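Trainee: the amino acid sequence is not available; the structure is as follows:
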């Protein structure tokens with residue numbers, strides 16, 4: 001597929017890095033040359049604006065099948081998508097960064113006046129990030145949570161602590177609820193797919209897949225140290241903090257929200273009827289101690305500054321060392337530092353957006369449902385073609401590292417074992433390493 005990306009931004013780089021090996025990628029931006037980090041990627045570059053017809057023609061837009069606008073300025077992305085539609089009728093994906101523009105573009109009222117120039121997909125990373133954080137808060141102790149098949153199947157990730165009953169056990173010797181599988185382990189920042197003889201070690205991050213009910217049982221019997229999250233502290237009252245507070249209120253969770261901007265505090269106090277809004281700086285230790293911030297069941301740092309989020313997290317960790325701290329991080333390089341200093345749960349709006357985008361790019365019967373460990377692993381959704389002959393799982397031999405975690409057959413969810421028959425039309429949830437994803441897709445293609 002020929003793709004045109006408008007915006008040599010950090011997000012543009014993440015998108016190009018994930019797609020250039022499988023697709024023909026061209027980047028357009030009004031820079032004289034691409035930033036240095038793009039040099040390792042095999043792609044084309046055109047200097048110019050995404051809203052400039054001449055520049056788009058120079059980028060061979062007529063041959064493209066997908067246009068992705070991810071420049072820094074929302075309005076530039078929108079105009080670029082409209083301009084592309086004037087030239088050729090291809091799919092357009094537009095990234096925006098503000099709630100107002102997102103709501104205007106996706107409002108149901110827009111459907112009354114549909115035209116051929118409409119943007120096909122609008123992605124607001126902060127909205128996706130909010131959903132990710134809420135899922136993590138809803139499962140005590142989990143450091144990553146993904147839902148599949150309307151919640152009937154799930155993925156949970158846990159860090160193995162010193163007192164864990166799984167520590168120093170082989171996978172084959174662990175007693176898990178029925179319909180639960182270990183599909184991945186991250187050790188010293190490297191993800192791998194274990195076998196039965198793999199020994200689970202302290203500080204490993206273990207990834208489980210299974211039915212929703214079975215994983216809930218796993219959480220309650222092996223990992224849950226608290227019954228549920230009853231209170232949460234949010235540091236940062238921007239779009240993510242505001243939307244997350246709304247969801248937590250609806251879930252009956254008490255919310256304290258710290259915001260530095262006084263005008264924003266007034267707005268939040270007006271919109272959030274059941275949350276306590278505190279005007280102050282999340283790095284003010286006196287404020288944190290005076291308001292008993294360390295007593296919250298979950299503390300979420302979601303300012304738009306990575307360094308401030310890190311400092312807030314470290315201060316709160318001193319006040320309540322056993323509390324869950326969820327920290328927003330935008331820069332992948334910063335994320336490694338966060339983990340080294342003991343921050344367990346890190347969430348990224350760019351990572352959330354990348355998962356959504358990759359779903360739009362994949363072939364008809366293959367989707368990326370989730371990215372794991374900063375993109376080291378992927379959960380693929382593959383539908384077996386009509387030509388697929390019934391095969392026992394034990395007879396399916398992958399040419400790459402992969403494990404079938406879930407089989408969806410109509411409304412039925414199956415956690416497969418060796419004797420399970422795979423049939424045409426089955427929808428598989430496959431956990432694999434990112435570098436092996438293409439080989440897995442090819443294996444099940446018609």
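Mentor: In hand now; what should we look at? As the structure is a computational prediction, the values presented were derived from the model and not from experiment.
Trainee: sketch out the low-pLDDT regions of the stretch 251-400 of the chain for me.
Mentor: Where the stretch 251-400 of the chain drops to pLDDT under 70, the residues are 332-333, 362-366.
Trainee: test my guess that residue 351 contacts residue 374.
Mentor: Yes. When contacts are counted by C-beta atoms under 8 Å, residue 351 is listed as touching residue 374 (7.0 Å). Any C-beta I mention is one placed from the backbone N, CA and C, and that applies to glycine too.
Trainee: okay, the two: which has more neighbours?
Mentor: Set residue 351 next to residue 374 and count neighbours by other C-beta atoms under 10 Å: residue 351 wins out with 23 against 17.
Trainee: from residue 336, how far off is that one?
Mentor: 14 Å (C-beta to C-beta, to the nearest Å).
Trainee: ok, now residue 422?
Mentor: Residue 422 is 38 Å from residue 336, by C-beta to C-beta.
Trainee: residue 274 and residue 231: what is the separation?
Mentor: From residue 274 to residue 231 the distance is 12 Å (C-beta to C-beta).
Trainee: stretch 389-402: how far from the chain's middle?
Mentor: Distance, stretch centre to chain centre, for stretch 389-402: 28 Å (C-alpha atoms, centre = their mean, to the nearest Å).
Trainee: pull the residues that contact it.
Mentor: 192-193, 404, 416-424, 430-433, 436, 439-440, 443 (C-beta atoms under 8 Å, 6 or more residues apart in numbering).
Trainee: just the endpoints, please. Distance across it?
Mentor: One end of stretch 389-402 sits 20 Å from the other (C-alpha to C-alpha, to the nearest Å).
Trainee: measure residue 79 to residue 149 for me?
Mentor: 38 Å.
Trainee: where do the helices sit along the stretch 251-400 of the chain?
Mentor: Ranges of helices within the stretch 251-400 of the chain are 262-271, 285-290, 306-319, 332-340, 349-361, based on DSSP state H, counting those that start in this stretch.
Trainee: to residue 211, which of these lies closest?
Mentor: When the helices of the stretch 251-400 of the chain are compared by C-beta to C-beta, helix 349-361 sits nearest residue 211, at 22.1 Å.
Trainee: output the contacting helices and strands for that closest one.
Mentor: The contact analysis (3 or more C-beta pairs under 8 Å, 6 or more residues apart in numbering; DSSP states H and E) places helix 349-361 against helix 10-19, strand 66-69, strand 91-95, strand 121-123, helix 125-138, strand 366-372.
Trainee: mean neighbour count and distance to residue 279 added to these, as a markdown table?
Mentor: A markdown table is the format used below for the helices and strands packed on helix 349-361 (neighbours: other C-beta atoms under 10 Å; distance: least, C-beta to C-beta, whole Å):
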| stretch | mean neighbour count | distance to residue 279 |
| --- | --- | --- |
| helix 10-19 | 21 | 31 |
| strand 66-69 | 28 | 37 |
| strand 91-95 | 24 | 31 |
| strand 121-123 | 20 | 32 |
| helix 125-138 | 21 | 22 |
| strand 366-372 | 21 | 36 |
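Trainee: if I look at the residue positioned nearest the centre of the chain, how far off is residue 133?
Mentor: Of all residues in the chain, the one closest to the mean position by C-alpha atoms, centre = their mean is residue 352, 3.2 Å from it. Distance, residue 352 to residue 133, using C-beta to C-beta: 10 Å.
Trainee: now residue 148
Mentor: 18 Å.
Trainee: ok, now residue 204?
Mentor: With C-beta to C-beta as the criterion, residue 204 and residue 133 are 23 Å apart.
Trainee: try residue 282
Mentor: On the measure of C-beta to C-beta, residue 282 and residue 133 end up 16 Å apart.
Trainee: repeat for residue 386
Mentor: To residue 133, residue 386 is 40 Å away according to C-beta to C-beta.
Trainee: buried residues in stretch 54-61?
Mentor: 55, 56, 59, 61 (16 or more other C-beta atoms under 10 Å).
Trainee: strands of the stretch 151-300 of the chain, residue ranges please.
Mentor: 153-159, 180-187, 190-192, 205-211, 231-235, 254-259, 275-279, 298-301 (DSSP state E, counting those that start in this stretch).
Trainee: could those strands be laid out in TSV, adding mean neighbour count and distance to residue 322?
Mentor: What follows is the strands of the stretch 151-300 of the chain, written out as TSV (neighbours: other C-beta under 10 Å; distance: least, C-beta to C-beta, whole Å):
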stretch	mean neighbour count	distance to residue 322
strand 153-159	23	13
strand 180-187	22	22
strand 190-192	14	27
strand 205-211	24	18
strand 231-235	26	14
strand 254-259	23	18
strand 275-279	19	22
strand 298-301	28	11
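Trainee: out of those strands, which is closest to residue 137?
Mentor: strand 298-301 (5.2 Å).
Trainee: many thanks, I have nothing further to ask.
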